Structures are given as C-alpha cells and as structure tokens.
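Enquirer: Sequence isn't available, so here's the structure alone:
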C-alpha cells in the first residue's frame, strides 16, 4: 500500500470483519449509498402517515408514468426507499411476500413493526456473513395498524427505528432540519401530507410540480395506503403556493 | 501497489463490496462493457415500439444472415442488447423462458414490465453475491401489452426504467442527443420506426444500408413483434434519403 | 504495508486466526462495538434484579414509544444489551425462541444460566468459523429461577459470567466504579431498582428523566419481568432528587 | 509489484471481475490460448462445408494414425478446434452428447446453430462464475441441416458467429487474408474443399502432404460428415500442384 | 511487509499450512492462549486425583458462586481448563455428551483416556481443516476408572498425555517446578489434594483463601468426582498454614 | 515482490487462471514433476508393446521385491508412470476401476484409447477447477485391443497422444533421441522388448541389471500383459552385452 | 516482500499448487514435521519384524505407563510413527478401522501393503485438495501376512515403500547408517529385535533403559503383534551390554 491511503482501508475490504475500534466499515459504506440516493421522507401524524419522494428528471426521454418511487406493500402499508435502486426493489418485493404470507398463515394483517423487523433480519444477515454485501438501501415504511399510524425506517445495518418524521437520501440533512422546526403530531391528515410535500418542495431546485414529487399516504380512518395522483400533488402544491410557503 | 494507481483500485476488485463513498465499482465497470458495445436504441410511440441496432462488419467472411442482434422474446415482446455478447444471449434465453412459463402457469401473456423485473432480479443477485460477476449487458425490451406500447431498459445493476426512447452502447450519447431533439410520442408507427432508423443511420460512419442496420418493431394494432427484413430497412432508408435526411 | 501500521494488523483481518501471543483480535474488536454502545447495567439483590439503560435522544423526531432498549425474554427473564443494535435484536429473538422451546420440550421455565449458555454457544461458534464475524453485542440477562434472582452478562467471545452488578457500554467504567462503592446485596427490590436508576442517572449528561432512562425488573416474589413505565421511572427519580442524590 | 508491470495486471487475476474499462481479462487471455494453437479453418459453400487443420510433426515417434484433429460430432456435423487440446477434447465430447440427446429426446437431428449455442452456454458460464477458468479453446462446427450448409465458430467467451469462412490459431491472420481474397460461395463442394486445403497449404512451412493436413467435409447432397483419407488429401494437393497453385 | 517483521509471519496467517521447518504456527499460537490463562493443575496419587484452579477476582461485583472453573463431566470424571473461556466451555459440554452417549450406547462408564481421545479428535480436526481455528484451550481431565486414578491433559494440537501431575496457564512453570520437587505417588488422597492446593497457593499473590482457589477431586474408593466446598478448601489452607507451609 | 522475480510469477499461483499469453502455468509446472521423475518409456511394434522403467536404488534397505514401477491395469493393458509417486498410484487405481467397470457394464474389454481418455478427463478437470491441483504425473499405457498393439501417453494437462515410442522423466531427452534413431515398427516382439531395454540401459549410470530395470510387455498373439521377471530382464541384458550393445 | 526471503516463499503458502520446478512445498514441509519427531525404526527379518521407538522424558511428571508410541493395529499388524502426535493418532485410528472393516467385509485379515495403501490414499488426497493440510506424520507398519513378514513406511505425500529396515525422525540419518552396516535378513526374530533395539540405543544420549525405549514385534510363527514389556526391553539391553555393544 502506498502513501496517502488511510489506515482505515485495511479493514474495509473484507465484509465480515470489525475494525479495531469496533466498526464494520462495509455497513457504513452501504449507508453512503443511501446518502447518495434521492431524498425521501416519511411523516406520521395523529390521523395518518405519508411518504414523499423527490423525483429527478434524469432524461426527458424517461417515461415517468411507469417509474415508481412509492410502493404499496399491503393494503395498510406503503413504502419508499433511498439507495441502490435494484437492492430496494428486491427488498420491496420481499416485504410484499412477507405481508402476504402473514395474511395467509395468520389470517390477519401484519403490523408495520413486524414487517420492518423481518426485512431487517435479512439485512442484518447480509452484514454478518461472507460472500454477500449488505443491502445499500434504507426503506421507510408507513402504515396504520391496531396501534395507530406507524412510521419505521430500516437501515442497511438491519437496525430499524420508529419515527414521527424521518428523511433519508442526499438532502436529508436540510429536510430533517425543516421537519424538526415544523413537525406537529396533532394535526389533520391533510396537514400531515402538506408538511411532507412542503419539506420535499423546499429541497428541490427549480420549479416544483408533480413531475418531481411522488407521494403516498394512509388515512387512519380508511386504513388503506394510496399512491397520490399527479393532480392531488399539484393541488397541494397550489395550496402551498397560495399560502406563500413555496415560491411560484 | 506503486505510484499512479488511483485510490479507487482498492475497492474495485472484490465483487461484493462497497467503496467508502457507497459505490460498487464492479457494477459500474460492467456498465463500461455496455458502453463498449454496438449502439442500440428503442423508441416508443402512440402506435407501437421499435428497436434498432447498429451492425458493424467485422469481417466480410461473417455470414450476417445467421447473426442476430434483434430478438423475439414472445409473440408480443422483442429485445436487443449492448455489451458482452454471450452474457446477452444467456439473458435473452432466460427472458424467453420466463415469458413461456408465464403463459404456461397463468395462461396469459406476460407484461413487459414484469419480464424486465424478472430479468433484473437475476441481474441484481449477480451484484450482491460473491463467486459471480455482474452481467455485462443492458437489454432493451419493447412490446405491447394491456397498457399499450412499452419500452424498458435493464441495467447491469438490476435497475430498469421505462423510456419513451433510449440508446445504449458506444455512440449512445449522440444518439440520445438526437432523440431528445426529435422525439414525438403522438406519431404513427411508420414514423416511430423511421425515427429509430434515422437515429442509428446518423451515428453510422460511411454508407448506410440493411447491411449495418437491424431492427424490429411491434404495432399496437397487430400486437406481434416482427424482425424487419433487409428490404423493409432499405425502404425506410430510401425514404429518408429522398427526404434529404440522410446523405446518399 | 506502509509505515505506522502496528504489527498487530497482520493478525486482525482474518477472523479465525490467533495472533502470536494467543489472542483473537476480531473478538476483541467486537468488544469495542460494545464499548461504543449506550451504557446499560444490571443489578441483582436479595429480592430481585433490574436492568437499566441510558437512552439518548438522537433526534427529536424519533418516536421513543416504539423504541425498545429493555426486552422481555420469557415471563421470568428480561434483557438489555450494548453494541450493534441489529446484532442485539437478532440474539434477543434467538433467546426468546430458546426460552419458548424449553417450555415446549421440557414443560418448565428455562434457568437464566442455561439461557445465557445457549446464547453464548452461538456467539462462540461465530468466533471460530470462517465466513462469519462475531456478534458485536453484549447482553445482560436478569431473571428469577429456582436458585433465586439471577444476573448474567454474555460477551462477544461467548463467555458469560454471573454478576451482582455489571455495566457495559460507553460509560461502563464510571458506572462500575459507582456500583462497586454503593452495591449491597441484602436490600429490598425497591432499593435495588433505585441503585440501578441512580447509577445510570449519574452518567447521564444534562437533565435526567424517563426520556433518557429505560428499565425493567423482576421481583423474587412475583417472578415476572416487568418493563417499567415512564411514570414509575420518574417516581424513582423524584425520590432520588428529594434525597439529594441527583441534582435537579 | 515491481517495475514494468502494466496497470492491467491488477484486474486479470481474479476470474469473475471486470476491469475499469469493462473488459474481462481472463476471457481475453483464454483467447490467447486459441491464438497459440495450430491453424484451423472452415469454409462453407453452396454445396457443403469443410474443415481443414494444420498438423505439425512434434515427434517422428507419434503415431499420427491415432491422432485426431477433425471430429465427427453427429452424422451431419463435424468439428475441429484450436487451443488447449484437453479443453477441446472435453467440449467435443460434450457436443457429441448434446447431439445424441437431441436425437433421443426430439427424434430429429440437432441444427448446427443450436449445437453451437449449447456449447457456448457452458463456455459463458465458465466466464462468469468463480472457481473455474474459461475454456481455452475455439471450436469450428460445420454441418448441413434444413437451412443448408452451416459454419459456426465458438469463442472462449461463449460468443458464436456464423461464417462463410473462418480461420483460427497461430497463422489465422494470413489464412484469413487469403480467404478474404479468394472466397466464393457459389462453387462446387470440390472447389470448396480445394480452397480450404489450399489456404492451409499456403501457411505450412516446408513440404505439404497428408502428413501435415487433416480435413473433413460434408456434402449438401449426402448430408453426412466425412473425415478425409490421406489419399484424398494428397489428390487435392496434386491437383493444386498441377495447377501451379502450390509449389512442389 | 515492512522491516522488523520476522520471516515467521509469512506462514502463520493461513491456518492449514506448514512452515518450512514443519511447524504449524496457528497451533502454537493457540497454545499461547493457554499460557495466558489462569493457572490450573491436576495431581494424581495412589488413592485418587485432584484438579485445583487459581481464581482471580476480576471484579468484586462478580458473583463467584455461579462461576465455575472446575467441572463434573460424568460421575467418575472431572475437569478444568486454561485458555479461552468460551472454547473451554464448548469442549466441556462436548465431553459431557461423549460420556453420556457412552453410557447410553455401551451401558458402561467411559474410560478417562477414551474421553480425552475423543475430545482430542475434535481438536486435531480443527488444526487440519480451513475455515476454522484451533481451540485455544487445554483441558485437564481427572477421574477413576478400571485402571485406577487417571490424569490427562489435552493440548490445542489434539495431543493428550497421561501425567502424575501437570500445570497449565500463566504460572505453570513455577507450579510445575514446585510439583517436580514435591510430588509423591504413594500418598493418601488427603495428601494429594493438599499438594495440589499448596502448589496453587504458592503461585497466588496476596492472601490465599477459598475466594481464589477452586478444586475438585475423586477418591479411588468412592469413585465419584466432587467439587470441593469453600469450607473444605479453607480447611486445607488452615492445615497448610498451621504446618507453616503457607504464610498467613 | 522484490527484484529478480520474473513477471511470470504473477500468474502462476492461482490454479485456474490464464496468463496474458494464454498459458496455464500450474499445468506446466505439474509437467516439471514429470520431468523430475525416473525415466520411463514405452515402445510399440507390429507384434506387441513394452514399457521399461529405470529403477534407482535410493537405499539398500528398500525391499525392491515389493516396489512396483510397472502395473497391470487389466488383462490386456499395462502401465507405468513418471512424476509424483502418490499421484501416479491414485490414477493407476482409477484406471483399474475404469477397466473393470467397463467389463462389468459392457461385457467387453476396454480399448486402450478409451481408457486413456477417461483418465485424461479426470486430469483435465483438475486443471480447470479451483480447490485442487493438477496431477503431477504422466502415465504410459500399453496394450493390445481390436486395433492391434497400442501405446498412449497421458499428460498432466489431460492431453493424450498415440506413440510408436515415447520416453518421459529425467532422461527422456536422450532416451527419445536414441529411440528416434533406432525405432522400427516392423520387428518381432522380442526385438521390441530388446529396444526398450537397450534404451533404458543406455541412460543408466553404472552397472545395468534387473536391479535397476523393471519392464512389462504384451504380445499381440497372447493378448495378455506380463510383468517381466528379473531373470527375463537379465537374459535380455546378456544378449545385448553379447552383441556389444551395452558395456559389461 | 522484504529482503532475505528466498524466492521459494512465493509458492509454499497455498497448499494445492506446484512451484515452477514441479515441487509441492507444503508436502515437503510436512516431511519436516517428521524429521522433527522422535526417532522411530522398523526392521524386518526372515522370522518376523519389529518397531522400536525412542522415548524422551519431557517431564518427570508424565506417566509413561499410559503413553503409547507403539500401536497394535490388528492382530497381525503393528505400527509406530514420527511427526505430529495428533495427526499420527488420527491415522492410527483410521488404520484400525480399515483393518477391522476388512475383516468384517471379506472375512480375512488385511495384507500389510493394502493397509498402507489405504492410509496413503487419505494422505495423498490431503496433498491435492484445498482447505486441508497434508498429514505431518510418517507411519511404519510391520506385520506378517501370507507373503511373510512385512515392513512398510508411509510418507506425508502418500507414497509408501517396502523396506528391510527403515528409520524416521530426528536421528534417522545415523540410525539408517547403522542399519545399513549391520542389517541382515536371514537371522532369528531374537536377533532382528536385538538389531532394532541396538540401533535406537545407539542414538540415545545418556543411560539407555526401558524408560526411553518402546518396542513391538511380530513373530512369523505366532503371527501376532506384541508390544514388549519394559522387562523384555531391559533383558535385550542387558544382553547387548554384556556383549559390549552398548556402554553401561
């Protein structure tokens, strides 16, 4: 090894090992994949929960209608993720199977936490065994179950936490800062969605519209996760513009 | 390691690991295989979709009649690829099986997206497990299903996106640039094919003819993917020449 | 290897090997993960045992209600851990299964020691075989069985020991020092819990409340592990404040 | 690594990885094995196809009668190869099994292309998985099936192409050059064989005879691959000499 | 490799290989783990055998009552070990199973040698196969079988030897020296135990009591291994003190 | 890597890889094992075939009666080898099983070529897969089958060739040179054996006798391989001495 | 690699590879383990065979009665070894099973050569496959079977040879030298044993007695291997002393 390579490099190449200070670099690098991803957030309120995703136009030739950044996992659970797209897709599929099998075996809907836990069991295993790499993706699950509205974020390490609001991806710092200042639990579902959309709108550069925002929410009442239509998103944006909260 | 080797090299040799900035170099290098391939493109319009491929004459002794760059996957789906030829062939075979089994198990034709997804599940797995390398190939699928004309491009990482038009391979930049300027959705199938052929014709050096272009298309009406005959291709080229769009 | 890398580095990268002085560095590094964790302690007295955990507020947006640092393993056993969160969760799940299967096969509750031993058998195996890394977590088990109140701490190496009181995690040194000075066995369960909470309170920076302390205990009489409510914790803190043992 | 080793070396040792420019060096090196082999060629004409092989006398003590460089695969298909002898033999055996099983399962003779494809599927797999090396051999298949005379060459990468004429091995460049100048499709089987033999004769140093040429052909009429006798070869050489095409 | 690393290092990293002088470094390093362990000894006499272990107080908070350094393997066999605690525990468990299964299959008690042999078969296997490390532990087995009192010590290499007296662990040199000077075979069980306790007492720094000594013995007459109570140990120490053999 | 190590070394350590010039060094090094072996040869004539082996006296204490360098494989096939003794023995055993199973399954004797091919299939596999090394041995098979006398030599690479006469091992160059000058096909079995023995006698240093020559032959008439007695060998040597072909 | 490391080191670390000169270093290093072992020898005569072993007193506390250096394998076969003790024990066990199963399956005693061969098949396999190391032990088998007295020595490489007399271990050179001068085949079993004991006695430093010699023999008449008692050994030593062959 030549000059200029930091001592850390000795520990970050073999997946299943610890560094002398007790860290597993591969897991931390996997989190970098999340940090490089498009900004995604979830907000939970008294009346429901929402996920909102920043969508960038990579190319005018991409057919956005068929590109999905918000996923329905089960009737009562939705998700979005930041990180490596294909890793995310594979885990979203896995979550759908877990939820489906739960209904099949126990004849009841899965709780959001239990779903997050099972996805994280897979993630943890991929950090401890050789021959695989960790999943380079963090997933936000929102839903409503018997304990009310739920919002979980699962990390590449296999850790998951419950949040009132959480942002991941490239601009998660400023989104989180904004959420910390403006978050309220005890508001209507309409206001919860509005907060989520406003937060993403704030970190988007240039003109904001349904073209660069995707969202989904679940209402405590109806208990069904819905992916929002472009029209719905634009309506929220209009409302926010009319209130002067986002510039024209 | 001596001088002049960039720090990146420390992370790009073992397949299943992340670099400190959260990238997986092997997957990015696999994409280089795609970038070294012959230019291939797909265009989707209101009335159908087309794939067009640049064919270079490696040797006058090659029997082009038996060399295929455009593939029929199922009655309603076609494909072409750029990258490592043998990797592409193996995945095209896999796609055919997937489509066939879908008919067999569900007694219905597979949607283009679901086909792309299943091919990408294999691709993703080859980026996460040790003992294999990623597939060095990107595949374009075109087809018509219940949602209308479809165009998907699958990447070595296992990501797939829906496109209006997409170009991959060595001259994909100039092809993409041309497509961005000239693309229209709401045109006849004839014009969609014409746009695809014109784009490839533009990036070919020297005389353009059926000898260096291969193409296939699917008409929304007939819902059957057809590989174009040399005569059909020449007819389009003639038309384009008569309109002065390509030089003699 | 360049300058400034100590000779030790030659032995700490491959998991299943000894260094010339008979140490297994990977296991020692795994213990560093524990030392980086939040402080956790257990105290055992004549009338029962308690685990108390320091909870830091990473973000005001985390929903602490759903974040668990103290776990019920079986009716008569509880646990908490310090180290890698996802590793800890996986082993807590494993402990629950072990306890459940013990009831199922032998129709009796498992002893705390036997539970610790079985968790440690897994831990030891992960230090001796290639292709896996050790678990980066130390778990404290408390419980009551036929031999009375029990307190065990399991190390990443797979060693476990019985303690009167034990602290692990970032501030375990000062917590241990405090416990060594103040520990008494022959006190009421109330005083045992009070000692555990006071010890954690002492190492917490800033205002102490149920927001940064989580605890669970088991009473020799009732033989059932209970996770304490925020109110109960605050009541103990009040009592400690009124006695002048912790500053306002 | 010392002086004078090019940066490439960092990527060519582990079989299943890409270099930063998207190449797989091990596959390219396997092709070098082919380039080091004895020159072998195939020619396809209107009336049939032929393979001709240069045979060098390694030792006068070798019993050439039992040394085979041209192989019958099935009644209607023959083959020859250049590269590692034992790799070639193993794949020739495999091709024979494939052809035999095809007759057994489908009660029809295999097409030459499908045979080439199946051999190439094995070859491709050996370029993508760890623990094996690619096959260091290129095989030429000639035959006649329902589409007429066929000539395929399979590469170590698992790619195969259809040719009018193709030469592989040490002197393939000058053989190819000669073929490009003299190839005609629309000639008799006699002239096709003659062209093949003349091409090999041209690249042989010293006296040419059946001792350093081996050949086999298939006639479109008879549809059966025949290995030529030394007498037949000498007769062609005589004819070529009498025409002044090869020196005495 | 930089300066100051001895040539040996080239051979000690991969477990299953020999150095040029025919040594297996990993096995020798595993023995270092034993040399780092607490001192443990066994003494065999005409009337029985004893194991005595030095117990250090790591922390006043450890509950020694539940910490075991002397183990009953079967009715007629006991054991103690020096080295990695978790490795030792796993092998003690294994020995118990071996002894139990022997009774089950053959309806007779296992001989001490055969038990040592079976434990050593596992140990040897862990020195010859890749993917595992040797066991870092030496075990002393004492017992009485049809051949009389037995004392075996098993090494990390898988070698075992029969001893009259043996000491392992950190202060084994001075313990062995003492034993060599004072050992007699033809003495009572009382005197055999006394010799064992005296030897450990001699190497303990500071005040000696049941708090830093653990022991177990088997009487040829009764043929049952007994772990000594703290009172019994103190009685022996008292006797030794009264004889002036150990200082107050 | 320091000075003076040739660039080749970068490619010869991992068994299953190619060097940039398309060679597999491990296979070539395995052939060095053959070159270091004792000289062994085979000669085939019109009336039969013979193998003759040089036997060196390593120690006067070796019991040559029980040391075998010429092996009977089946009634009609014999063999000898040069290279690693234990590798040779294992392959000779394998050849015997192959021949036996052939009789068992097909109720006919195996041809010599088919036997050589099957041994070479094993050899080839050991050059292409990781986790094993090539066999360091070349085997000469002689026999008589329906095509007459046979002589095959199998190389470590898995290649085999038919020979009139072949020599392997340390002095194979001078033995081959001698054979090339003196070989005749159309001679009696007596003269074939005589040529083989003379060739070996020529390369032996010091006094030649049955003590340093071992041989076996098969007569076309009798079709049974016979290992020659010391007396038979001495008789041939006598004849050769009386003819002045070997010095006293 | 730094200074002073010979070029050889590049090839001796991976077990299953050849060096450029066709050697397998790991096997040669395993033989070093044998050369480091205690001297062991075997002598075969007209009337029987003997193994004699040098026994060193490592510690006065070792109970030699239970330490075995000469092993009975079957009624008619004995053995001893030099090298890694645990490897030797494992192979001795294996030999016992082989002999036992032979009786079980074929209802006859195994020949000594066939036993040696089977042990060597295992040894050879451990030199050719990755993930294991060769056995670091050479075993001498003596016995009597239908061909008379037998003496075989098996090497770490898996080669075995028949000997009249053979010595292995640390002082094998001088022992071999002595045997070469004094060996006779046509002597009584008494004299064969005497030669074996004298040879070992000669290489022992200091006073020779049953304490540093162990031996076993088999008489052609009785056909049963017997381990000699200390008394028997001392009687031979007495006889040798009285003849002035060994010093007092």
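Expert: Thanks, I have the structure now. What you see is a predicted model, and the numbers here were worked out from it, not measured in a lab.
Enquirer: three-state assignment of residue A:167?
Expert: Under DSSP: H, G, I helix; E, B strand; the rest coil, residue A:167 falls in the strand class.
Enquirer: For it, name its beta-bridge partners.
Expert: residue A:41 (DSSP bridges).
Enquirer: I figured it was touching residue A:180, is that so?
Expert: No. Assessed by Cβ atoms under 8 Å, residue A:167 is found out of contact with residue A:180, at 10.1 Å. Using the backbone N, CA and C atoms, a C-beta is placed for each residue, glycine as well.
Enquirer: more neighbours, the two?
Expert: residue A:167 (29 against 13; other Cβ atoms under 10 Å in any protein chain shown).
Enquirer: what's near enough to touch the more buried one?
Expert: Contacts for residue A:167 (Cβ atoms under 8 Å, 6 or more residues apart in numbering or on different chains) come out as A:39-41, A:175-176, A:179, A:199.
Enquirer: what about 7 Å?
Expert: A:39, A:41, A:175-176, A:179 (Cβ atoms under 7 Å, 6 or more residues apart in numbering or on different chains).
Enquirer: So which of those residues are in helices?
Expert: Among these, the ones falling in helices (DSSP state H) are A:175-176, A:179.
Enquirer: And the residue nearest the centre of chain A?
Expert: residue A:140 (3.2 Å; Cα atoms, centre = their mean).
Enquirer: quick one: contacts for that residue?
Expert: Residues near residue A:140 by Cβ under 7 Å, 6+ apart: A:40, A:42, A:51, A:79-81, A:153, A:166, A:168.
Enquirer: One more: residue A:108?
Expert: Here residue A:108 is in contact with no residues (criterion: Cβ under 7 Å, 6+ apart).
Enquirer: before we move on, what about residue A:132?
Expert: Counting by Cβ under 7 Å, 6+ apart, residue A:132 touches A:126, B:16, B:128-130.
Enquirer: packing partners for the host helix or strand of residue A:199?
Expert: Per DSSP states H and E, residue A:199 falls inside helix A:189-203. In this structure, helix A:189-203 makes packing contacts with strand A:40-45, strand A:48-54, helix A:172-182, strand A:213-219, helix A:230-242, judged by 3 or more Cβ pairs under 7 Å, 6 or more residues apart in numbering or on different chains; DSSP states H and E.
Enquirer: what does it rub up against?
Expert: So helix A:189-203 is in contact with A:39, A:41, A:43, A:45, A:47-48, A:50, A:52, A:54, A:171, A:174-175, A:178-179, A:182, A:208, A:213, A:215, A:217, A:219, A:233, A:236-237, A:240, A:245-246, going by Cβ under 7 Å, 6+ apart.
Enquirer: now that helix against strand A:213-219, angle please.
Expert: Calculated by axes from the mean of the first three to the mean of the last three Cα atoms, to 10 degrees, helix A:189-203 forms an angle of 160 degrees with strand A:213-219.
Enquirer: I'd like the average pLDDT over helix A:189-203.
Expert: Mean pLDDT, helix A:189-203: 97.
Enquirer: Also stretch A:155-171?
Expert: 96.
Enquirer: Ends of that stretch, what's the gap?
Expert: 17 Å (Cα to Cα, to the nearest Å).
Enquirer: Mind listing what's buried along that stretch?
Expert: Judged by neighbour count using 16 or more other Cβ atoms under 10 Å in any protein chain shown, the buried positions of stretch A:155-171 are A:155-171.
Enquirer: and after the longest helix seen in chain A, which helix or strand comes next?
Expert: Scanning chain A for the helix with the most residues, using DSSP H, yields helix A:85-106. Going down the chain from helix A:85-106, the next helix or strand is helix A:112-128, by DSSP H and E.
Enquirer: relative to helix C:112-128, how tilted is that following helix?
Expert: Here helix A:112-128 runs at an angle of 40 degrees relative to helix C:112-128 (the same axes, to 10 degrees).
Enquirer: For chain A, which residue gets nearest to chain C?
Expert: Closest residue of chain A to chain C, Cβ to the nearest Cβ: residue A:22 (2.8 Å).
Enquirer: What residues does that residue make contact with?
Expert: Shown in contact with residue A:22 (Cβ under 7 Å, 6+ apart): C:29-30, C:32-33, C:35-36, C:136.
Enquirer: Out of those residues, list just those in strands.
Expert: Judged by DSSP state E, strands contain none of these.
Enquirer: Which ones among these map onto helices?
Expert: Among the contacts of residue A:22, the ones falling in helices (DSSP H) are C:29-30, C:32-33, C:35.
Enquirer: Of these, which is the nearest to residue E:146?
Expert: Ranked by distance to residue E:146 (Cβ to Cβ), those are led by residue C:30 at 45.7 Å.
Enquirer: Point me to the residue of chain A nearest chain D.
Expert: residue A:131 (10.1 Å).
Enquirer: Ranking by neighbours, what's the top pick from the contacts of residue A:167?
Expert: Most neighbours among the contacts of residue A:167, by other Cβ under 10 Å: residue A:41, with 33 neighbours.
Enquirer: one step back: using a markdown table, lay out the contacts of residue A:140 together with distance to residue G:187.
Expert: Converted to a markdown table, the contacts of residue A:140 look like this (distance: Cβ to Cβ, whole Å):
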| residue | distance to residue G:187 |
| --- | --- |
| A:40 | 92 |
| A:42 | 94 |
| A:51 | 95 |
| A:79 | 89 |
| A:80 | 92 |
| A:81 | 87 |
| A:153 | 88 |
| A:166 | 92 |
| A:168 | 89 |
